[in-house]
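Engineer: fold the following, please.
(one chain, ligands or ions: 1)
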Amino acid sequence: MGRSSHGLSTSCAAGGIFPAARAIAAAHWRIARLLPRAGWAAVLATASCAVLLGVLPVVFVLAGSLLLGEVAQARVDPARWPSVVAGFLLASAAFTVQQALAPAQNALSELVARRIDGEAFDRLIAASLHSRGIGPLEDQRLLEHLSMAGYELEQGVHTPGRAAAGLLHLAGRNVQLAGFAIVIGVGYSWVAATGVLVTVLAFRHAMLSGLRSFTGTLLAQAALRRESRYLRELALRATAAKEIRVFGLLAWLRDRHRRAYLAWLGPVWRERRRSLLWPYLRYTLVGLLVTAAVMASAAVAAARGLTVATLVLIVQAVLTGLRLGAFSPEADMQTIGGARTHEAVRAYERGAAAYDVNERTDPPDRIADPPAPREDIRFSEVSFRYRGSERPVFRDLNLRIRAGKCTAIVGLNGAGKTTLVKLLTRLYEPDGGVITVDGVDIRRFPVEAWRARISVVFQDYIRYEATAAENIAFGSVRHAHAREAVRDAAGQAGILGTLDALPGGLDTPLTPHIVDGTDLSGGQWQRVALARALFGLRHGGGVLVLDEPTASLDVRAEARFFDEFVRLTSGATTVMISHRFSTVRRADHIVVLENGRVGEEGSHRELLRRGGRYADLFRLQAARYTDGPARRPFGGSGVPT
Ligand SMILES: Nc1ncnc2c1ncn2[C@@H]1O[C@H](COP(=O)(O)OP(=O)(O)OP(=O)(O)O)[C@@H](O)[C@H]1O
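Structural biologist: Residues are numbered from 1 along each chain as shown. Okay, the predicted model is just below:
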């Protein structure tokens with residue numbers, strides 16, 4: 001049995017008939033085990049409907065032939081008319097109940113599917129949120145499972161729930177098949193019954209194997225499908241609308257989308273022909289031969305005395321029975337595709353859980369409540385490399401962040417500044433070394449408690465589609481009700497006036513996608529993010545981390561922010577990451593990251609005096625803001641200090 005890069009089995013071709021049948025049976029079994037999640041009452045009701053809907057067509061055919069036979073007899077023997085009426089009533093009842101039950105079964109199947117899919121979505125979200133760090137969400141291998149499962153569950157077609165409902169539907173079809181086989185066996189010949197059964201089962205097996213192989217190809221094409229989806233979204237969403245128009249990317253986008261779409265569809269079409277069309281034609285031919293053989297032998301039997309009613313019964317049972325070998329739109333694609341989605345959910349769950357298990361184990365002597373740092377936070381001999389990446393970001397990094405002071409971290413792009421924050425907030429664990437607060441390993445604190453101590457504005461902070469007040473209160477959700485504190489934080493970040501002036505004040509949704517909602521400018525959003533961090537700091541943060549806090553602020557706003565900043569953060573341990581030297585120079589202590597280590601550190605003046613990397617970078621940036629004299633070699637009178 002082949003295995004794709006997804007770890008999901010994809011092909012039956014290599015293994016022959018029995019392994020393929022075993023794999024399909026195993027997939028069905030895994031799906032069947034999901035049924036209790038829909039609740040036994042719903043499952044039993046749906047299964048009962050399915051079984052009845054399987055039995056009723058058999059009853060209808062039996063009643064119909066009984067009616068036919070009795071009508072013929074009643075012409076010569078009037079005493080048979082009650083039997084005619086009974087046959088008619090039975091056929092009518094079978095037909096009417098079938099019509100009434102079909103919508104009920106659809107509704108119940110929907111209920112079963114939604115319950116199971118709701119639970120699968122819950123599990124996927126739980127696996128995504130419960131993992132301690134963000135490693136699984138940045139691991140390409142696991143992301144494939146996550147995006148495939150998320151996409152299918154959202155589309156709602158190839159889902160575990162639809163697969164489970166499909167299985168119940170198949171149970172009904174199998175009951176029907178058994179019913180017709182019994183009718184043929186009892187009424188005519190067990191050889192003919194076996195012929196019909198074998199033909200239907202062989203046809204179904206070939207079709208399901210083909211479907212399985214086909215969905216395997218779909219999966220193997222997942223990257224291309226994702227690319228064409230991404231390009232479609234690029235064209236249809238507002239996010240890239242500006243650049244696409246200004247850079248004149250429309251033609252490129254259409255062409256690229258067309259090519260990606262065809263590159264995805266080409267193998268899918270080929271596989272559809274290979275695994276679905278040819279087996280379909282082959283088995284249809286076999287089905288026709290079997291039908292012809294049974295019909296011919298029935299005709300011979302009829303000539304030798306088989307009654308017309310029995311002949312009609314057999315013909316109907318054979319034809320309707322053979323029809324059950326056909327594709328079931330309610331079940332087949334769903335059971336095969338849904339089983340794969342279920343496997344993807346499980347694979348992501350396992351992978352995400354393994355991430356936590358594989359992390360270094362926490363020290364046993366736990367401390368429930370991490371204190372705010374009194375001395376310092378230290379990175380000691382810390383090394384770290386992203387999984388799948390060759391290059392370590394940190395190698396034996398030693399770094400001290402003084403408590404109650406502002407430490408600025410600078411470095412070239414990719415030096416590891418944001419990664420440092422990820423390690424500090426335990427979104428990733430170091431491969432070696434230790435991070436301590438006043439000498440205590442931070443792994444001794446519960447992760448949530450430690451994170452509650454840290455208030456962060458990430459470089460790519462989130463613009464939540466929520467009210468302005470909520471956007472700020474997310475800094476400490478436990479204190480979301482503290483309206484005055486929200487206003488204070490907004491005031492401190494210099495955004496209160498703007499928010500008060502919105503139509504709904506602080507209760508205005510900050511999104512243009514909601515009626516009465518609005519959007520803010522980049523700089524205004526940055527102030528909201530700052531307000532969020534200040535709100536968190538006020539409610540027990542103790543440590544404030546700002547990654548590029550003033551990147552979107554205008555020069556005046558930046559200057560004002562820093563005038564206020566010292567007062568607002570007094571007593572807090574602050575880490576500031578910035579490329580703006582006008583921001584960095586105000587820090588108490590500056591650390592330059594270089595080649596995975598601390599290249600140099602000191603105050604702004606000390607570092608300028610040293611004339612090293614920091615002084616170079618500072619001089620380069622200062623020269624961009626001044627005229628000729630500032631371009632003189634550092635140390636000259638024209639350089640700001
Ligand atoms: N999820 C990830 N997986 C693999 N490599 C990553 C990941 N995130 C970052 N890196 C790599 O780690 C290194 C450090 O990245 P980081 O984002 O910490 O740099 P930075 O100093 O914050 O950069 P910038 O100044 O551009 O924001 C870079 O080489 C980057 O390519």
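
Engineer: please, where are all the strands along this protein?
Structural biologist: Using DSSP state E, the strands of the chain run over 376-384, 394-402, 406-410, 432-437, 440-441, 454-457, 543-547, 573-577, 589-594, 597-602.

Engineer: which other helices and strands does the lengthiest helix in the chain contact?
Structural biologist: The residue-count maximum for a helix in the chain (DSSP state H) belongs to helix 81-130. Under the contact criterion of 3 or more Cβ pairs under 8 Å, 6 or more residues apart in numbering; DSSP states H and E, helix 81-130 touches helix 40-76, helix 140-155, helix 160-187, helix 332-358. Backbone N, C-alpha and C define where each C-beta goes, glycine included.

Engineer: deepest-packed of the ones you listed, please.
Structural biologist: helix 160-187 (a mean of 23; mean count of other Cβ atoms under 10 Å).

Engineer: by contact count, what packs against that one?
Structural biologist: helix 17-32, helix 40-76, helix 81-130, helix 190-220, helix 308-323, helix 332-358.

Engineer: so which of the ones you listed is nearest the ligand?
Structural biologist: helix 332-358 (13.1 Å; Cβ to the nearest ligand atom).

Engineer: relative to helix 17-32, how tilted is the closest one?
Structural biologist: 70 degrees (axes from the mean of the first three to the mean of the last three Cα atoms, to 10 degrees).

Engineer: I'd like the average pLDDT over helix 332-358.
Structural biologist: Mean per-residue pLDDT for helix 332-358: 85.

Engineer: same question, stretch 169-184
Structural biologist: 93.

Engineer: for Ala251, find the nearest of the helices and strands packed on helix 81-130.
Structural biologist: helix 140-155 (27.9 Å; Cβ to Cβ).

Engineer: phi, psi for the closest residue to the ligand within the stretch 251-400 of the chain please.
Structural biologist: Scanning the stretch 251-400 of the chain for proximity to the ligand using Cβ to the nearest ligand atom identifies Tyr386 as nearest, at 3.4 Å. Dihedral angles of Tyr386 (phi, psi; degrees, to the nearest 10) stand at phi -70, psi 140.

Engineer: need the contact list for it.
Structural biologist: Residues near Tyr386 by Cβ atoms under 8 Å, 6 or more residues apart in numbering: 138, 393, 428.

Engineer: which residue of the protein sits farthest from its center?
Structural biologist: Distance from the C-alpha centroid of the chain peaks at Val76, with 70.9 Å (Cα atoms, centre = their mean).

Engineer: out of the helices and strands packed on helix 160-187, flag the one nearest Val437.
Structural biologist: The nearest among these, by Cβ to Cβ, is helix 332-358 at 22.0 Å.

Engineer: low-confidence stretches in the stretch 251-400 of the chain?
Structural biologist: Along the stretch 251-400 of the chain, the model assigns pLDDT under 70 to residues 357-362.

Engineer: distance of the nearest residue to Ala309 once chain neighbours are set aside from Val61?
Structural biologist: Counting by Cβ to Cβ, 6 or more residues apart in numbering, Gly69 is the residue found nearest to Ala309 once chain neighbours are left out, at 3.0 Å. Using Cβ to Cβ, to the nearest Å, Gly69 is found at 13 Å from Val61.

Engineer: go on, Leu499?
Structural biologist: Separation of Leu499 from Val61 (Cβ to Cβ): 72 Å.

Engineer: ok, and the closest non-adjacent residue to the one residue in the stretch 451-600 of the chain that gets nearest to the ligand?
Structural biologist: For the stretch 451-600 of the chain and the ligand, the shortest gap (Cβ to the nearest ligand atom) falls at Gln459, measuring 5.9 Å. In this structure, Gln459 finds its nearest non-sequential neighbour in Asp547, 4.2 Å apart by Cβ to Cβ, 6+ apart.

Engineer: next: Leu137.
Structural biologist: Ser128 (6.6 Å).

Engineer: neighbours around that neighbour, how many?
Structural biologist: Using other Cβ atoms under 10 Å, Ser128 has 17 neighbouring residues.

Engineer: got it, and the one 3 residues further on?
Structural biologist: Residues near Ser131, counting by other Cβ under 10 Å, number 21.

Engineer: pretty sure Thr307 sits against Gly69.
Structural biologist: Yes: contact status for Thr307 versus Gly69: in contact at 6.3 Å, counting by Cβ atoms under 8 Å.

Engineer: before we move on, back to that, can you put the helices and strands packed on helix 160-187 in JSON lines and add distance to Leu168?
Structural biologist: Below are these laid out as JSON lines (distance: least, Cβ to Cβ, whole Å):
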{"stretch": "helix 17-32", "distance to Leu168": "9"}
{"stretch": "helix 40-76", "distance to Leu168": "5"}
{"stretch": "helix 81-130", "distance to Leu168": "7"}
{"stretch": "helix 190-220", "distance to Leu168": "16"}
{"stretch": "helix 308-323", "distance to Leu168": "20"}
{"stretch": "helix 332-358", "distance to Leu168": "10"}
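
Engineer: and Thr569, which of the ones you listed is closest to it?
Structural biologist: Of all the helices and strands packed on helix 160-187, helix 81-130 comes closest under Cβ to Cβ, at 30.2 Å.

Engineer: and the helices and strands packed on helix 81-130 as a markdown table, adding distance to the ligand?
Structural biologist: As requested, the helices and strands packed on helix 81-130 are exported to a markdown table (distance: least, Cβ to the nearest ligand atom, whole Å):
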| stretch | distance to the ligand |
| --- | --- |
| helix 40-76 | 42 |
| helix 140-155 | 9 |
| helix 160-187 | 30 |
| helix 332-358 | 13 |
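
Engineer: quick one: closest of those to Val486.
Structural biologist: Here helix 140-155 is closest among the helices and strands packed on helix 81-130 (Cβ to Cβ), at 33.0 Å.

Engineer: other SSEs contacting the closest one?
Structural biologist: helix 81-130, helix 222-236, helix 332-358.

Engineer: looking at those helices, which is closest to Glu152?
Structural biologist: Of all those, helix 332-358 comes closest under Cβ to Cβ, at 4.3 Å.

Engineer: for Thr284, what are its contacts?
Structural biologist: Thr284 makes contact with Phe203, according to Cβ under 8 Å, 6+ apart.

Engineer: ok, it to Val294 distance?
Structural biologist: From Thr284 to Val294 the distance is 16 Å (Cβ to Cβ).

Engineer: what of Ala368?
Structural biologist: 77 Å.

Engineer: comparing those two, which residue is more hemmed in?
Structural biologist: Val294 (26 against 8).

Engineer: how about the contacts made by the more buried one?
Structural biologist: So Val294 contacts 184, 192, 195-196, 314, 318 (Cβ under 8 Å, 6+ apart).

Engineer: now which of the contacts of Tyr386 would you call buried?
Structural biologist: In the contacts of Tyr386, burial by neighbour count holds for 393, 428, counting by 16 or more other Cβ atoms under 10 Å.
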